[in-house]
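J.: for reference, the sequence and a predicted model appear below.
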Amino acid sequence: MVNITELQKSLITGLILAGGRATRMQELDKGLQIFRDATLIEHVIKRFAPQVNSIIINANRNQPTYSELGYPVVSDVRADYAGPLAGLEAGLLACETPYLLTVPCDSPFLPLNLASKLMHELERTNADLAMACSGNSAQPCLQPVFCLIKTMHLNRLQAYLNGGGRKMSGWFDGLTMTPVYFENETEFTNLNTLDELGLYSP
Ligand SMILES: Nc1nc2c(ncn2[C@@H]2O[C@H](COP(=O)(O)OP(=O)(O)OP(=O)(O)O)[C@@H](O)[C@H]2O)c(=O)[nH]1
Ligand SMILES: [Mg+2]
């Protein structure tokens, strides 16, 4: 188990992506739905906040409600729900540290060692970004919304988006990406439907 140092942590801003339309959840605002004893985003904050220097929330609806959680809220700067990369762009624009770590708002079991493992591997490999991966090197399953990125690559993301690119796995072509394996796949469970919210309740 690698621990994150206070210095490493001070360099990382955490971005919670809550800007989607949630079409599979009746277009409800996913982050604000109740799961067990709290909203989905509150579960995420509980596991994520101790890992990063500060948090930014990306949301395109109900911004005043998200603000009540006590963190800055940023909205997409381009219209029409351009996908998670539009949220990443908004987060990178607001980020004041050299690294940004993203997580989605609908992953209430996210790894408690996410920042430490990604930062350790990013520094070890001197890559541009480090991405979580469940499974193993024989059967990798990339988790592109769990990603540690050097903030200076905002320009490249914007060029990709301006050219019409929308794929989470396409924007970093030409950059070096280190996949980082996590054994416990269930930590990446994300809840997309009302049924799933109920299924995972006790
Ligand atoms: N900022 C922003 N974030 C998005 C957008 N679309 C998806 N996301 C976020 O990306 C993450 C992964 O997306 P999904 O799990 O597909 O969520 P979703 O798109 O809201 O839900 P579906 O419409 O059911 O696919 C979630 O945290 C979403 O909030 C978007 O257009 N803008
Ligand atoms: Mg989606």
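T.: Good, I have the coordinates. Ligands and ions are numbered 1, 2, ... in the order given.

J.: sketch out the low-pLDDT regions of the chain for me.
T.: Scanning the chain for pLDDT under 70 picks out 1, 201-202.

J.: could you pull out the helices for this protein?
T.: All helices of the chain, identified by DSSP state H, fall at 6-10, 40-48, 63-67, 84-94, 114-125, 154-162, 194-199.

J.: ligand 1 is nearest to which of those helices?
T.: Proximity to ligand 1 (C-beta to the nearest ligand atom) singles out helix 84-94 among the helices of the chain, at 2.7 Å. C-beta here means a position set from N, CA and C on the backbone, and glycine is covered the same way.

J.: packing partners of that closest one?
T.: Packing partners of helix 84-94 (3 or more C-beta pairs under 8 Å, 6 or more residues apart in numbering; DSSP states H and E): strand 12-18, strand 54-59, strand 73-74, strand 99-104, strand 140-150, helix 154-162.

J.: how about 6 Å then?
T.: Under the contact definition 3 or more C-beta pairs under 6 Å, 6 or more residues apart in numbering; DSSP states H and E, helix 84-94 sits against strand 12-18, strand 54-59.

J.: what's the most buried one of those strands?
T.: Highest mean neighbour count of the helices and strands packed on helix 84-94: strand 12-18, a mean of 26 (counted as mean count of other C-beta atoms under 10 Å).

J.: specify the angle between that one and helix 40-48 in degrees.
T.: Relative orientation of strand 12-18 with respect to helix 40-48: 160 degrees, computed using axes from the mean of the first three to the mean of the last three C-alpha atoms, to 10 degrees.

J.: distance of the most centrally placed residue in the chain from ligand 1?
T.: Central residue of the chain (C-alpha atoms, centre = their mean): V103, 1.9 Å from the mean position. The gap separating V103 from ligand 1 is 8 Å, by C-beta to the nearest ligand atom, to the nearest Å.

J.: in the sheet, who's paired with that residue?
T.: For V103, the beta-bridge partners are I16 (DSSP bridges).

J.: what's near enough to touch it?
T.: I16, F48, L110, F146 (C-beta atoms under 6 Å, 6 or more residues apart in numbering).

J.: out of those residues, who's the most crowded?
T.: I16 (29 neighbours; other C-beta atoms under 10 Å).

J.: my guess is that residue meets S54, correct?
T.: No. Counting by C-beta atoms under 6 Å, S54 is not a contact partner of I16; they are 11.5 Å apart.

J.: show me which residues of this structure sit near ligand 1.
T.: Neighbours of ligand 1 within the chain, by C-beta under 6 Å from any ligand atom: 17-24, 30, 58, 60, 76, 81-84, 86-87, 104-106, 145, 190, 192.

J.: what subset of the residues you listed is buried?
T.: 17-20, 22, 30, 58, 60, 76, 82-84, 86-87, 104-106, 145, 190 (16 or more other C-beta atoms under 10 Å).

J.: from the contacts of V103, which is closest to ligand 1?
T.: I16 (7.7 Å).

J.: before we move on, back to that, can you lay out the contacts of V103 as JSON lines showing distance to D128?
T.: Rendered in JSON lines, the data for these read as follows (distance: C-beta to C-beta, whole Å):
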{"residue": "I16", "distance to D128": "22"}
{"residue": "F48", "distance to D128": "22"}
{"residue": "L110", "distance to D128": "22"}
{"residue": "F146", "distance to D128": "16"}
